[in-house]
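Q: Sequence and predicted model, in that order:
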Amino acid sequence: MLMNNVSKYHLITFLMNLSFTLPIWVIFGTDYLGLNHLQAYWLGTFFWLVSAVFEVPTGSWADRFGRKKVFSWGVGVGIASSILFILTRNFYVLMISQVAAGFALALKSGPLTSLIYDWLKEQKRENEFLSITSNNLSYLFVGRVIGGALGGIAYTMHPTLPYILLIIAQIIALVIEQGLTESRHLTEEPLSDKTVIRESIINFIRLMKKFDFALVMYASTAFTFLANMLWFAYQPYFQSLGFDGAIIGLLYIPASLASALGSQIIKRIMPKIHTSWLYVIMLGVTGTVGLMLNSLNIWIAMLAIVFLAIVFGFDNPATASFFQQHYPSKTRATMSSIESLIGSLVLVTTSLMTGYFLDKHSLNTLFVFVMSITFASAVLVGVASLRLSNNKPVAK
């Protein structure tokens, strides 16, 4: 039986998230390249900043030329950038490769989600999107389970081996992606880049004037910043407890499985609660995790990581189901790219702040900082959600 669009979407997501480098990218920078923490985090996340520059233009290309075609370009460029991690140990050459990686990320950001949503909409099945997104996220985290475990072991065999495995997985994904079916909305006369971007920015500004949309955007941005600050400290945290790359890779297994579980739990929660209240819960859990990590006890730390991983599993289905219903089809990928642009800038800021804290202060200082800001943000979002609840009902 041939796979349909959704099955291919899940398999591509699984392959693209066989994150063999996920448990070792900080260690790769500090131990293999000899960098300090700030340099290692800069190398590991500079591509997000580059991606932010290209997010909106590449989103308009996906709307104009086809989501499948633009995603293919992104995978191809990403493979080329990964090859340099095998060929050189020069920090500056690797930073140049991150420019290509950032451009690739921008090309890959949003096209497949938009392709699937419009494919479902064409068949009047868009009500299935939340369930499909949640299932897709499970494939993502299962990929991270396998990739993380194998990547940590591969690193102990040779530091560049995780990058070789990453390239192989991306090539297979590129082959499968060619079989996706795109909706017919692209047969309409294409808009120019300038028109698509202008319309998307106007629509996004209009949406940000809506209280519920702006609230969810703020809450999801705060969660992305604060939760990832804890997550980026994961590798140096467990290094400080005496674990090597192989063990750290294995520790990603319970975390990724917990996120896969969270992506399934969210399907039951979303119809019963407004997205802003969901982020109050997620921020509250993140603050509690910061408090638990401050103990520097391995068993409490593992429990904290599992809690954090579960709410990470909530994040993508929550934002995708909320934001996608507000985006018009003809500019859907471009507006998704504006959303991704915000996320990329937040992640770069988070990474640099994490590196700065680890170079200048202690892990405990970082955890206390995150805990304090997160609880304050949870209160602010909760108060705003009460105001929203007192007004007329809005779509979830």
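A: Received it, and whenever you're ready, just let me know what you need.
Q: Next, the distance between the ends of stretch 105-112.
A: 13 Å (C-alpha to C-alpha, to the nearest Å).
Q: If you could redo that for stretch 13-26, that was the one I meant.
A: So stretch 13-26: terminal residues 24 Å apart, C-alpha to C-alpha.
Q: So that it lines up with my notes, have the first residue be 21 from now on.
A: All set: I'll call the first residue 21, so the last point we hit is now stretch 33-46.
Q: Tell me which residues of it come out buried.
A: The neighbour-count check on stretch 33-46 (16 or more other C-beta atoms under 10 Å) flags 33-46 as buried. The C-beta positions use only the backbone N, C-alpha and C, and glycine is treated the same way.
Q: Tell me which entries of these lie within helices.
A: 33-36, 45-46 (DSSP state H).
Q: Please identify the helix or strand for R226.
A: Taking DSSP states H and E as the criterion, the element that holds R226 is helix 213-228.
Q: Kindly apply the preceding question to G168 instead.
A: Assigned by DSSP H and E, G168 falls in helix 149-177.
Q: Repeat that for S80.
A: helix 57-85.
Q: which strands and helices sit next to that helix?
A: helix 45-47, helix 87-107, helix 111-128, helix 131-142, helix 213-228, helix 352-380 (3 or more C-beta pairs under 8 Å, 6 or more residues apart in numbering; DSSP states H and E).
Q: change it to 10 Å
A: Using 3 or more C-beta pairs under 10 Å, 6 or more residues apart in numbering; DSSP states H and E, the elements in contact with helix 57-85 are helix 45-47, helix 87-107, helix 111-128, helix 131-142, helix 213-228, helix 231-252, helix 254-260, helix 352-380.
Q: With mean pLDDT and distance to G163 added, can I get these in a markdown table?
A: Shown next, in a markdown table, are the helices and strands packed on helix 57-85 (pLDDT from 0 to 100; distance: least, C-beta to C-beta, whole Å):
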| stretch | mean pLDDT | distance to G163 |
| --- | --- | --- |
| helix 45-47 | 81 | 16 |
| helix 87-107 | 91 | 15 |
| helix 111-128 | 89 | 15 |
| helix 131-142 | 84 | 14 |
| helix 213-228 | 81 | 30 |
| helix 231-252 | 90 | 17 |
| helix 254-260 | 79 | 18 |
| helix 352-380 | 82 | 19 |
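Q: so can I have TSV of those showing distance to H57?
A: TSV is the format used below for those (distance: least, C-beta to C-beta, whole Å):
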stretch	distance to H57
helix 45-47	8
helix 87-107	19
helix 111-128	14
helix 131-142	33
helix 213-228	35
helix 231-252	10
helix 254-260	7
helix 352-380	4
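Q: To L406, which of those lies closest?
A: helix 231-252 (11.1 Å; C-beta to C-beta).
Q: Next, the buried residues of the closest one.
A: 232-233, 235-252.
Q: name the element the residue lying closest to S151 once chain neighbours are set aside belongs to?
A: Distance criterion C-beta to C-beta, 6 or more residues apart in numbering; nearest residue to S151, sequence neighbours excluded, is K287 at 5.7 Å. Take DSSP H and E as the rule and K287 turns out to sit in helix 265-289.
Q: What's the first helix or strand after that helix?
A: By DSSP H and E, the next helix or strand past helix 265-289 is helix 295-313.
Q: report the angle between the axes of that following helix and helix 265-289?
A: 150 degrees (axes from the mean of the first three to the mean of the last three C-alpha atoms, to 10 degrees).
Q: could you give me the average pLDDT of helix 295-313?
A: Mean pLDDT, computed over helix 295-313, is 91.
Q: next one: it to chain centre, how far?
A: 18 Å (C-alpha atoms, centre = their mean, to the nearest Å).
Q: Tell me what angle that helix forms with helix 231-252.
A: Going by the same axes, to 10 degrees, helix 295-313 makes 20 degrees with helix 231-252.
Q: Next, the buried residues of the helix or strand following helix 295-313.
A: Remark: after helix 295-313, the chain's next helix or strand is helix 318-344, criterion DSSP H and E. Going by neighbour count (16+ other C-beta under 10 Å), the buried part of helix 318-344 is 321, 324-344.
Q: how far away is L271 from V368?
A: According to C-beta to C-beta, to the nearest Å, L271 stands 25 Å off from V368.
Q: nope, S382 is what I was after
A: S382 is 23 Å from V368, by C-beta to C-beta.
Q: which of the two has more neighbours?
A: Per other C-beta atoms under 10 Å, whichever of S382 and V368 has more neighbours is V368, with 21 against 11.
Q: Test my guess that the more buried one contacts F66.
A: Yes: using C-beta atoms under 10 Å, V368 is in contact with F66, at 7.6 Å.
Q: which neighbours do those two share?
A: G122 (C-beta atoms under 10 Å, 6 or more residues apart in numbering).
Q: Now G310: closest residue in space, sequence neighbours ignored.
A: Per C-beta to C-beta, 6+ apart, closest to G310 is M391, 3.4 Å.
Q: Check A242 too.
A: Nearest to A242 is S397, by C-beta to C-beta, 6+ apart, at 4.5 Å.
Q: okay, now that neighbour: neighbour count?
A: S397 has 23 nearby residues by other C-beta under 10 Å.
Q: ok, now which ones touch it?
A: 238-239, 241-243, 245-246, 299-300, 303-304, 306-307.
Q: before we move on, what about L250?
A: 257, 306-307, 309-310, 313, 324-325, 328, 370, 374, 386-387, 390-391, 394.
Q: and if we set it to 8 Å?
A: The contact partners of L250, by C-beta atoms under 8 Å, 6 or more residues apart in numbering, come to 306, 309-310, 313, 328, 387, 390.
Q: Most neighbours among these, which one?
A: T306 (30 neighbours).
Q: From A340, how far off is that one?
A: Taken as C-beta to C-beta, the span from T306 to A340 is 20 Å.
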